[in-house]
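In: Here is my input; please provide its structure:
(chains A and B)
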2 protein chains.
Amino acid sequence: METDAPGSAVIARAMRDGRMVLTEPEAADLLAGYGILGPREILAPTAEGAVDAARRLGFPVVLKVCSPDILHKSDVGGVRLGLTDGRGVRAAFDELESLVGACGARWIGILVQEQLAADLELIVGARFDPTFGPVVLVGFGGIQAELLEDRVVRLAPVDGVAARRMLAELRGGRLLAGYRGRPGADVEALADLVAATSRLASALPIEELDLNPVLVRWGGPGAVPVDRRVVLRSPGADAARPESAGDARAAVRRLFSPASVAVIGASRDTSKIGSRVLRFLTRHGFPGPIFTVHPRGETILDGVPTVRSIEELPHGVEVACVAVPPEACEPVIRACGAQGIGAAIVFTSGFAEAGEAAAERRLVAAARAAGVRFCGPNSLGILNPDAGFCGSFSGALVMTPHPGGEIAYLSQSGALGGAFMSRLWERGIGVCRFVSVGNQADLDLADYVEALIDDPAVRVFALFVEGVTDGRKLLRSLRRARDHGKPVVVYKAGRSREGQVAIRSHTGALAGDDVVWTAALRQAGAIRVTDIHGLFDAAVALAWQPPPSGRRVGIISTSGGACGILADECRERGFEVPELPPSTQKRVEAEIPSFGAARNPIDVTAQMLTRPEMLRNVLRILAEEPQVDAILLMLTTLADPLAEEVTGQLAATVQGLSKPVLVSWLVARSLAAKGMARLTEAKLPLYDTPERAVHALAALAEWPRLGSGD
Amino acid sequence: METDAPGSAVIARAMRDGRMVLTEPEAADLLAGYGILGPREILAPTAEGAVDAARRLGFPVVLKVCSPDILHKSDVGGVRLGLTDGRGVRAAFDELESLVGACGARWIGILVQEQLAADLELIVGARFDPTFGPVVLVGFGGIQAELLEDRVVRLAPVDGVAARRMLAELRGGRLLAGYRGRPGADVEALADLVAATSRLASALPIEELDLNPVLVRWGGPGAVPVDRRVVLRSPGADAARPESAGDARAAVRRLFSPASVAVIGASRDTSKIGSRVLRFLTRHGFPGPIFTVHPRGETILDGVPTVRSIEELPHGVEVACVAVPPEACEPVIRACGAQGIGAAIVFTSGFAEAGEAAAERRLVAAARAAGVRFCGPNSLGILNPDAGFCGSFSGALVMTPHPGGEIAYLSQSGALGGAFMSRLWERGIGVCRFVSVGNQADLDLADYVEALIDDPAVRVFALFVEGVTDGRKLLRSLRRARDHGKPVVVYKAGRSREGQVAIRSHTGALAGDDVVWTAALRQAGAIRVTDIHGLFDAAVALAWQPPPSGRRVGIISTSGGACGILADECRERGFEVPELPPSTQKRVEAEIPSFGAARNPIDVTAQMLTRPEMLRNVLRILAEEPQVDAILLMLTTLADPLAEEVTGQLAATVQGLSKPVLVSWLVARSLAAKGMARLTEAKLPLYDTPERAVHALAALAEWPRLGSGD
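Out: Numbering: from 1, shown residues only, chains lettered A, B, ... in the order given. A predicted model of the protein is given here:
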């Protein structure tokens, strides 16, 4: 907050008065400082004054009660519309005066406003979002709002250009351009109003600002807010964010590739978390020295040296894997710091997610004091298969992590993290970096993204997000990733109130307002998916295939039914399925049977079973066709060994192709395991259903357009 | 069409005149016969007459050109609105008169209409749909239509009750109930108008009827169509549907359970369709006699007797599997009929789907004459694993069909049929009856549904539909299935124009207008899914679990993240996730760790790994909780052997439960194959993702409410 910003004095006065809601004249005063002008209006202390005011303003007029003690005028019947003469004004004044008396409210006077005609009513406003700070919104009000919830939200600051974009994004936005031959509304004035609202909300401690309705006329100048509601934000609401100590980036890098680790809290009981971490570390070939700490110095695992205390650890241990009971975490972290171990993974649960927020704060304070950065608590751990580091107790690690992946997977849910990786590994797909961020008490999602942006192994980020404390910090890191050419795909849980409650009791994180998250992720240039498998469907496409340069899709299938499904799905996601140029259709016709279809979608028919090269040949034709930007291939009941032959041909054909090819294949995996493996080796993304392939293509197409100026 | 229906004379006159679009006075006349009255209006031959008419009607008035040669008045500028005095009327008349002259159109006069005020504009209309016949639509027009496409469609007949339901289904429907304190519109009059439109469209040969706009006032009586457009349907457009010969039901039953079959068109070349059919028939243990027909009498497969011609086949062969070239199909079918083989599966392609509609018609005629009913042509075949009958060449038959299923799968796409079955079999799920209906030249989807309704093995129908000729026939069969307590799940391909084109070139079928299909399926009480895997996700849930008696869902998971996702998905599908009563929360708390969540969603946490009975115990509590109507369980990284133990416990707990339990499980299948098999054996539906489980639950919940009065 800038204390010398216009309106500061109004706010200071109200706050001194203990009022968090401004009176309408105060609000008008405040808004005027930002160039936001309402209708002409006069505060009248007496009935005669009101009649006089009405004559000066011109009939018809509106009368409104005005008192610091009446917060919702309409609810108490404190507004009189359409007064067309002096008698009406006097009668209305008397009624409203009695109303103020009846409410026992302080008397300031009655507000007399000119009554404006309007063709459309809009709503312009601002909110202070606990995760992202000031956000601005614009929408339709009045009868339009009865028909559809038509609001666009954007994080402040919103300038004139962004404001115009918001207006254009309204579903009813075209109404602003006029209707049945009438000229458009004053979009310029509306955009200025939105931008001014943004400036105000950014400069002052505003909890809520509502201009509702804002009246506009077709062909008329201006956009006039006739009702204004300003709720202040108490100064205490801005809790100071804890200062982070030490270099998060260096710590994260160490957490992903430690030279040496110590496991604290392992025992001979193999079901214990620490013991599992230790076993997975060794089983999956961690190349550096591993130590365990055990009070009686017992050997936990053959070949792994044990010391009795952290103090006895040799120098050079970079990461501590902490799986001790919650009450022991604080001293352990302190001892780590004293021993020069600057980074830790805290697996232990029982902190904020279990309602123990104070214990978590103490843990953070201890770490800050000791110069230790940590992942967790309540983390499932960290994986970096390229470095042979499996610092995790995930049950998925009974499988061997697949090396050489391109995806960094940052998850606020540990369980889903392990579950998804097992599915990917089963299909031969690697995840090069995985972190279960746990409660993010110290290092948060933004820190991991920041540190991995420059990691050459990472081509794509996949984030499972439940909530963060500092939304703006996360957005900065996402935008930086975008600007470095690394797409970020986000699944955000907690869209509904029920989901938000579930999340709070899970990680202690505030899930936040979903509408604001949607706007924020979009502004940051992230790709949001709304089904959980879409997270990896999109990530794999982005990691393996180039984005299409347009929206024209060529479809090839061995089944007419599949062609129909794909075409439907493409249309629903805004892709075109153009008819191929005649010369290209001729080329396709020469390859396929006469009862096939060569227009696009191309149905090569089940004859492919006897002429397996058809598919490759048609793919080649579409690859060369300049009027096709992306290719979707769909296979049905094609089984090994023929499947392997066909996919081998496809794999060879797409090498070095500059347009994306995605495959969907509806068949029992056991029938075509080898054929499917060929596709994965060739980095041809493979999807279970045509819908999933089209959704992944949509993410791929969205990516180059995201965040540019948004 | 009833030839003595009101309006028949008007139509006959127009048709004699060669006109398919009625003039506005004709339309008004026609509509009046059904009680549909427009504004007061007078046809004026002269300017003086027009002024006089305006005076009698009262100003303001509207003037419209009126000529059988001007079909789109507005497009040529033939409407003048808001004329408030005699001078204005005269000027407008003169302009419109010149306009008629300039167009070279016949002169009837100028229509003078009273100009009515309106608060809302609606659209009421009817269409003749090529698949389903007359359909009625209602929607918002005017400024509301600019905001959203708000239309409701319903097959005729639509009575007053159904019409009121249509109005209530409009997204803007609540506007009809009034706005900001103003009284509602005359919904009764609107509903009467819709019902009258339905009567008219059912009684007369109407291609298109548009009442647009229909004006209504808040608090005012009536609903007045001020513009009326009627397009007639040419008599030739009603092609006589071919009469089917013989008993379809008996034929279908024979096709699913033949006592004896003959394969016509098999050879020693094992890649040929006939040869594949023959091999699959024998490999999967067809119990009755099989014969092959081969002109030189060669033995095709050891142990299968060959005859030289159909005439030489012994008596008692019930089904012919026909896989000869297209030109040979006609004589083969004739010979079959002569030999008393009354049913056939025609695998051969190259008919309507390849543009050879005439050949297909000849085949049908031949079959009719010979008394043969057939499946196809262009069919992948028919399966009935319970009877050991695999009359198909699907590549999926390298697997053994799983017996004992509850689902009848009727597919217009053969390839997708086989592909889906292979996936189901891989998971241990059976399909008791499968038919690839091919081009439906003779037997169509409705025939198969009809015949299978009484089949005790069939509990659920799953239909993959591309298009049918006789939509009403299909709907009758679907409704009959519903009335017999057998849910029908439908995936309808060809939602988009592009998808429709793909389908036409595939089976020769008209995919039809998707909006009409949606209305039709709903009226028939079918469950429509819009993603292809949803077809079996829903069918399995319906086959194995009881429908929930309400919308309150209890969620149990081992992961807080999963709880959040499920809660979000439940809310998005209109389910509630209610907090559990305190006493029940207490019971749950006693079972789970302190850092779990007991409110609902219930997070038993990863501690389940050490206390596997937790899940069963909590499931039992929710099973007993009367405030929970359905239970969703979600597992993450739970692997065998523990997985098998846990799912075994779950399976035992749900035996005989009267509320549905659905499971989703996010893990590599290879890690938990045994545990998953346990669920399937216990008929607990298992889904890959939480979204799919919730969608399946939605279908299950939809089913008892469907079609009742709709």
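In: Up against chain B, what does the stretch 351-500 of chain A have?
Out: A:353-354, A:394-396, A:398-399, A:411-416, A:418-420, A:422-423, A:425-426, A:464, A:466, A:493-500 (CB under 8 Å from any CB of the partner chain). Where C-beta positions appear, they are placed from N, C-alpha and C, glycine not excepted.
In: among these, which are in strands?
Out: A:411, A:464 (DSSP state E).
In: tell me which parts of the stretch 551-700 of chain A are close to chain B?
Out: A:555, A:558-568, A:570-572, A:577, A:594-595, A:597, A:599, A:601, A:603, A:605-606, A:609-610, A:636-639, A:666-671, A:688-691.
In: Mind checking what secondary structure the spatially most central residue of chain A has?
Out: Residue closest to the mean C-alpha point of chain A, counted by CA atoms, centre = their mean, is residue A:521 at 3.9 Å. Residue A:521 carries the three-state label helix when classified by DSSP: H, G, I helix; E, B strand; the rest coil.
In: I figured it was touching residue A:482, is that so?
Out: No - using CB atoms under 8 Å, residue A:521 makes no contact with residue A:482, being 10.8 Å away.
In: on that earlier part again, list buried members of the residues of the stretch 351-500 of chain A next to chain B by neighbour count.
Out: Those of those that meet the buried threshold are A:353-354, A:394-396, A:399, A:411-416, A:418-420, A:422-423, A:425-426, A:464, A:466, A:493-496, A:498-500, by 16 or more other CB atoms under 10 Å in any protein chain shown.
In: Report how many residues lie close to the spatially closest residue to residue A:549 that is not a sequence neighbour.
Out: Excluding its sequence neighbours, the residue lying closest to residue A:549 (CB to CB, 6 or more residues apart in numbering or on different chains) is residue A:629, at 5.3 Å. Neighbour count of residue A:629, defined by other CB atoms under 10 Å in any protein chain shown: 21.
In: and residue A:629, what is it in contact with?
Out: Residue A:629 is in contact with A:548-553, A:659, counting by CB atoms under 8 Å, 6 or more residues apart in numbering or on different chains.
In: Could you tell me the end-to-end distance of stretch A:278-294?
Out: 13 Å (CA to CA, to the nearest Å).
In: Oops, could you answer that again for stretch A:607-617 instead?
Out: Start-to-end, stretch A:607-617 (CA to CA) is 14 Å.
In: picking up where we left off before, where's the residue nearest to residue A:549 relative to chain B, distance?
Out: Residue A:629 sits 15 Å away from chain B, going by CB to the nearest CB, to the nearest Å.
In: residues touching residue A:107, list them.
Out: Here residue A:107 is in contact with A:67, A:97, A:100-101 (CB under 8 Å, 6+ apart).
In: Out of the residues you listed, which end up buried?
Out: Buried among the contacts of residue A:107 (16+ other CB under 10 Å): A:67, A:97, A:100.
In: nearest to residue B:49, of those?
Out: Distance to residue B:49, by CB to CB, is smallest for residue A:97 among these, at 59.6 Å.
In: who touches the closest one in this structure?
Out: Per CB under 8 Å, 6+ apart, neighbours of residue A:97: A:47, A:107, A:110.
In: Now with 10 Å, please.
Out: By CB atoms under 10 Å, 6 or more residues apart in numbering or on different chains, the contact set of residue A:97 is A:46-47, A:50, A:65, A:107, A:109-110.
In: now residue A:613
Out: So residue A:613 contacts A:591, A:645-646, A:649 (CB under 10 Å, 6+ apart).
In: Sort out for me which of the residues you listed are in helices.
Out: Those of the contacts of residue A:613 mapping onto helices are A:591, A:645-646, A:649, per DSSP state H.
In: quick revisit: how about TSV for the buried ones among the contacts of residue A:107, with distance to residue A:679 and pLDDT added?
Out: Formatted as TSV, these follow (distance: CB to CB, whole Å; pLDDT from 0 to 100):
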residue	distance to residue A:679	pLDDT
A:67	72	89
A:97	79	94
A:100	75	91
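In: Among the residues you listed, which ones are in helices?
Out: A:97, A:100.
In: ok so, going back, distance of the residue nearest to residue A:549 from residue A:622?
Out: 10 Å (CB to CB, to the nearest Å).
In: Find residues that contact each of those two.
Out: Shared contacts of residue A:629 and residue A:622, counting by CB under 10 Å, 6+ apart, come down to A:553-554, A:659.
In: can you pull the contacts of the residue of the stretch 301-450 of chain A found nearest chain B?
Out: Closest to chain B within the stretch 301-450 of chain A is residue A:413: 2.5 Å, counting by CB to the nearest CB. By CB under 10 Å, 6+ apart, the contact list for residue A:413 reads A:380, A:419-420, A:436-438, A:464-466, A:491, A:493, A:503, A:506-507, A:532, B:559-565, B:636.
In: still on that earlier bit, buried subset of the contacts of residue A:97 as a PyMOL selection?
Out: The following PyMOL line selects those of the contacts of residue A:97 that are buried, judged by 16+ other CB under 10 Å:
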select buried, chain A and resi 47+50+65+109+110
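In: Just the closest of the contacts of residue A:97 to chain B, please.
Out: Nearest member of the contacts of residue A:97 to chain B, counting by CB to the nearest CB, is residue A:65, at 19.1 Å.
In: Show me what whatever helix or strand the closest one lives in is packed up against.
Out: Using DSSP states H and E, the element containing residue A:65 is strand A:61-66. Here strand A:61-66 touches helix A:24-32, strand A:41-44, helix A:47-57, strand A:79-83, helix A:86-103, strand A:109-114, going by 3 or more CB pairs under 10 Å, 6 or more residues apart in numbering or on different chains; DSSP states H and E.
In: Out of the ones you listed, which one sits most buried?
Out: Across the helices and strands packed on strand A:61-66, averaging neighbours per residue (mean count of other CB atoms under 10 Å in any protein chain shown) puts strand A:109-114 on top, at a mean of 24.
In: distance between the helix or strand that comes right after it and the chain's centre?
Out: Next along the chain after strand A:109-114, taking DSSP H and E as the criterion, comes strand A:120-129. How far strand A:120-129 lies from its chain's middle: 21 Å, per CA atoms, centre = their mean, to the nearest Å.
In: ok, then the element right after strand A:120-129?
Out: Moving toward the C-terminus from strand A:120-129, the next element (DSSP H and E) is strand A:133-140.
In: In the shared contacts of residue A:629 and residue A:622, which residue is surrounded by the most others?
Out: Counting by other CB under 10 Å, top hit in those: residue A:553 with 30 neighbours.
In: Residue A:602 is in contact with that one, correct?
Out: No - contact criterion CB atoms under 10 Å: residue A:553 and residue A:602 do not qualify, at 11.4 Å.
In: Touching both of these two, which residues are there?
Out: With CB under 10 Å, 6+ apart, residue A:553 and residue A:602 have common neighbours A:622, A:631.
In: Where does residue A:258 fall, secondary structure wise?
Out: With DSSP H and E as the test, residue A:258 turns up in no helix or strand.
In: tell me the SS of the residue nearest to residue A:125 when sequence neighbours are not counted?
Out: Among residues not flanking residue A:125 along the chain, residue A:210 sits closest, at 4.6 Å (CB to CB, 6+ apart). The local conformation at residue A:210, judged by three-state DSSP, is strand.
In: Okay then, goodbye and thanks.
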